[in-house]
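> What follows is a protein structure lacking sequence information:
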DNA sequence: ACCGTGTGGGCGAACGTTCGCTCACAGTCG
DNA sequence: CGACTGTGAGCGAACGTTCGCCCACACGGT
């Protein structure tokens, strides 16, 4: 457990009887103007001594750390975790490590996280935290810093975005409910000040209007993305509009709270109230009843964000349009119908 | 978005009219043998130029990166996510950044992750991936490397551990079920080859024997920690021992699958089968019915691991005994009784 | 014998810091 | 008035690499 003294390339070179720069060439560099035997000797020495290249020193001269920064939210939200894990794995596949920072609840420490990342000279940043949407300072820091891809809008704009079409999501979910014959369709939405929420609400209203149903504000409940918040919002909604027969919920995590509130209120799902949600987190099918939901390609979002970021780092132009991945309705039982 | 050219301390020094070493002293060092006015001038210059210290260079000379490595499992398991997020936040509170690697399913890339961390010269490593328990190579690398704290046993031993008392967990859950009058108590366990599983199973048997009930192997089902695996295991158990009236499940994530399988089999919870699980992940109370579970202090585990790791890095002796945090039964509805 | 041309390897410089020593200068004391 | 002390700042070296230029040597052709 003793603090390991790392062996440097100089020691390797010494035991192989060459200059350390030559050793560097064969061990890490590509410009191999070295005879095969010398190279073999160096490699053998490195092997024997257990040489581990010091990427810190390398980064210093190359001015690039092969490290990405990832800002994630507090992450009791499984959906975000999914995207960020996928992002990390994708980055590693491309030889990059990932430095993470998880926002404290509220997201007030965003700027300090970004500064940490900058000081460590990450080559680029992925912002996977909805809370950042309200953080001006982070937006500025990120824009000033360097390549950044975000998974949600960042104040001030100008940062490339990878995500999904939220308006479609809201529309698809609502249309499905309409198709099943529902008319009093409520929605348990995320925080109104978030774009995701507003887009999904637009999709919801689009579908309603298209079916000739006038949206009713009383059927819209705001919640804070947590199961607890959603449960409370659902309870209030139920009291306000007991005639509601279907609910579009803005995330699977919130759907858990909704289901729980419905259960407590004695409303059966789907018989009493039909539920469609969004995300399709891995255990959505294990809820009771199995959740019908509009699948958002979370893992793919993470990967695509990394791909894009890496291209930007390589010098490719940044896209001017957000990259929106398609969503897809997954029908299970909570909506009460296999009508697709 | 252009690759930002960072301003170095030399530029700051130049505009302040001092040597860069002096600037270094006031900006980052502690040894301030500098007049107040000079210092002010330097700080002002740094401010104006937007100086961001380059920790890469600093790390090189100080031979310490103020960065920790975190190896996490694939992380659809909320419990692990909880611990690792808490660990990251604790690390940051102490001025350390965290480099993460998420194991691929199966955990075969553990060694490559560790190597990435070592090459980046992390000051210490936290292993928060149960899959590592079967990875010899990772054990060796970690032991050879430097300070490491693990949240589960690592092959070869010798690495300090922070966790909870799994045997207690199994005992407490089972005792509660016994106290409610159950006798045919089954268990949906994790993978048998994991220590956690064996310890919890021991606790389960302890409780049974203490109550004069002889453990029945047919009542023990193995699952792979996923909801899907647990659902399948439950189904099989139900067919094998339809007389079972209570189930101790080895994790809340698996409990979701268990609940789902029970629901499908038409067994009501808790009326038909009582369920107690372990972990108490944040949404355990939003399952249907709300889950009774033995709370494992996951976040605290992550924090304590970081505390310990930091102390080890500072040179404190490594503890010879695992640090086991106490667990606590949380009674909700799935067990069918408020008897404590 | 001379010049060119490869080939194999050495070597200085640079990356941006920290660390500790040196040094100039002014003030204080005997 | 000289020696000592303390203060403020400079400066060389080092951390472990990569990068590109330089050099020695051997070989082939004229």
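Nice, I can see it. Note that this is a predicted model, so its numbers are computed, not measured. Residues are numbered from 1 along each chain as shown, chains lettered A, B, ... in the order given.
> helices and strands around whichever strand or helix holds residue A:262, which ones?
Taking DSSP states H and E as the criterion, residue A:262 maps to helix A:252-264. Using 3 or more CB pairs under 8 Å, 6 or more residues apart in numbering or on different chains; DSSP states H and E as the contact test, the elements touching helix A:252-264 are helix A:78-93, helix A:227-240, strand A:246-249, strand A:274-279. (Each C-beta comes from the backbone N, C-alpha and C, glycine too.)
> what is the mean pLDDT for it?
In this model, helix A:252-264 has a mean pLDDT of 96.
> tilt between that helix and helix A:227-240?
Put simply, helix A:252-264 runs at 50 degrees to helix A:227-240, going by axes from the mean of the first three to the mean of the last three CA atoms, to 10 degrees.
> tell me which residues of helix A:252-264 are tucked away?
A:252, A:253, A:254, A:255, A:256, A:257, A:258, A:259, A:260, A:261, A:262, A:263 (16 or more other CB atoms under 10 Å in any protein chain shown).
> Now do the fifth one against DNA strand C, distance only.
Read it as residue A:256. Distance check for residue A:256 against DNA strand C: by CB to the nearest atom of the strand, to the nearest Å, it reads 48 Å.
> and what of the third one?
Remark: distance between residue A:254 and DNA strand C (CB to the nearest atom of the strand) = 45 Å.
> and residue A:185, backbone torsions?
When quoted as degrees, to the nearest 10, the phi and psi of residue A:185 stand at phi -100, psi 120.
> What's the local residue count around the residue lying closest to it once chain neighbours are set aside?
Nearest residue to residue A:185, sequence neighbours excluded (CB to CB, 6 or more residues apart in numbering or on different chains): residue A:246, at 4.5 Å. Using other CB atoms under 10 Å in any protein chain shown, the number of residues around residue A:246 comes to 25.
> so where do the strands sit in the stretch 101-250 of chain A?
Applying DSSP state E, counting those that start in this stretch to the stretch 101-250 of chain A gives strands spanning A:124-128, A:148-150, A:162-164, A:185-189, A:220-222, A:246-249.
> Which helix or strand contains residue A:266?
Per DSSP H and E, there is no helix or strand for residue A:266.
> so who does the nearest residue to residue A:291 once chain neighbours are set aside touch?
Spatially, and ignoring its direct neighbours in sequence, residue A:291 is nearest to residue A:284 (4.2 Å; CB to CB, 6+ apart). Applying CB atoms under 8 Å, 6 or more residues apart in numbering or on different chains to residue A:284 gives the contacts A:252, A:255, A:277, A:290, A:291, A:293, A:330, A:332.
> do residue A:325 as well
Neighbour list for residue A:325: A:162, A:163, A:164, A:165, A:296, A:297, A:300, A:301, A:304 [criterion: CB under 8 Å, 6+ apart].
> Tell me the residue of the stretch 201-340 of chain A that sits nearest DNA strand D?
Going by CB to the nearest atom of the strand, DNA strand D is nearest to residue A:314 of the stretch 201-340 of chain A, at 14.7 Å.
> scratch that, the stretch 151-300 of chain A is what I was asking about
Residue nearest to DNA strand D within the stretch 151-300 of chain A: residue A:160 (27.3 Å; CB to the nearest atom of the strand).
> before we move on, what SS does the residue lying closest to residue A:20 once chain neighbours are set aside have?
The shortest distance from residue A:20 to any residue other than its chain neighbours is 4.0 Å, reached at residue A:13 (CB to CB, 6+ apart). On the three-state scheme (DSSP: H, G, I helix; E, B strand; the rest coil), residue A:13 is labelled helix.
> Quick check: pLDDT value at residue A:13.
The per-residue pLDDT reported for residue A:13 equals 94.
> Isn't it up against residue A:27?
No. The criterion here is CB atoms under 8 Å, and residue A:13 misses it with residue A:27 at 9.2 Å.
> who are the neighbours in contact with whichever residue of the stretch 151-300 of chain A sits closest to DNA strand C?
Relative to DNA strand C, the nearest point of the stretch 151-300 of chain A is residue A:159 (25.2 Å; CB to the nearest atom of the strand). The contact partners of residue A:159, taken as CB under 8 Å, 6+ apart, are A:127, A:139, A:142, A:143, A:148, A:149, A:150.
> and with 7 Å instead?
A:142, A:143, A:148, A:150 (CB atoms under 7 Å, 6 or more residues apart in numbering or on different chains).
> how near is the second one to residue A:324?
Right, the one you point to is residue A:143. For residue A:143, the distance to residue A:324 equals 21 Å [CB to CB, to the nearest Å].
> cool, the last one as well?
Between residue A:150 and residue A:324 the distance, using CB to CB, works out to 13 Å.
> neighbour-wise, which of these two wins?
Neighbour count, other CB under 10 Å: between residue A:150 and residue A:324, residue A:150 has more, with 25 against 15.
> show me what contacts the more buried one?
A:127, A:159, A:161.
> Tell me which residue is most central in chain A.
For chain A, the residue nearest the mean C-alpha position is residue A:83 (3.6 Å; CA atoms, centre = their mean).
> For it, which non-adjacent residue is closest in space?
The shortest distance from residue A:83 to any residue other than its chain neighbours is 4.0 Å, reached at residue A:302 (CB to CB, 6+ apart).
> that older thread, farthest pair in the contacts of residue A:284?
Farthest-apart pair in the contacts of residue A:284 is A:255 and A:330; separation 12.5 Å (CB to CB).
> Not counting residues beside it along the chain, what's closest to the residue of chain A found nearest DNA strand C?
Across chain A, no residue is closer to DNA strand C than residue A:21, which sits at 2.8 Å (CB to the nearest atom of the strand). Spatial nearest neighbour of residue A:21, excluding adjacent residues (CB to CB, 6+ apart): residue A:13 at 8.0 Å.
> Could you check how far the one you found is from residue A:28?
Distance from residue A:13 to residue A:28, by CB to CB: 12 Å.
> Next to DNA strand D, which bits of chain A? Give me the list.
Within chain A, the positions lying close to DNA strand D (CB under 7 Å from any atom of the strand) are A:6, A:8-10, A:20-21, A:24, A:27-29, A:31, A:51, A:53-54, A:56-58, A:60-62.
> do that again at 6 Å, thanks
A:8-10, A:20-21, A:24, A:28-29, A:53-54, A:57-58, A:60-62 (CB under 6 Å from any atom of the strand).
> Scan the helices and strands of chain A for the one with the lowest mean pLDDT.
Using mean pLDDT, DSSP states H and E, helix A:136-145 stands out as the lowest-scoring helix or strand of chain A, at a mean of 90.
> Does it reach chain B?
Yes. Judged by CB under 7 Å from any CB of the partner chain, helix A:136-145 and chain B are in contact via residue A:145.
> Kindly report the same for stretch A:92-108.
Yes. Using CB under 7 Å from any CB, stretch A:92-108 reaches chain B at A:92, A:97, A:98, A:99, A:100, A:101, A:102, A:104.
> How confident is the prediction for the first one, by pLDDT?
Read it as residue A:92. 96.
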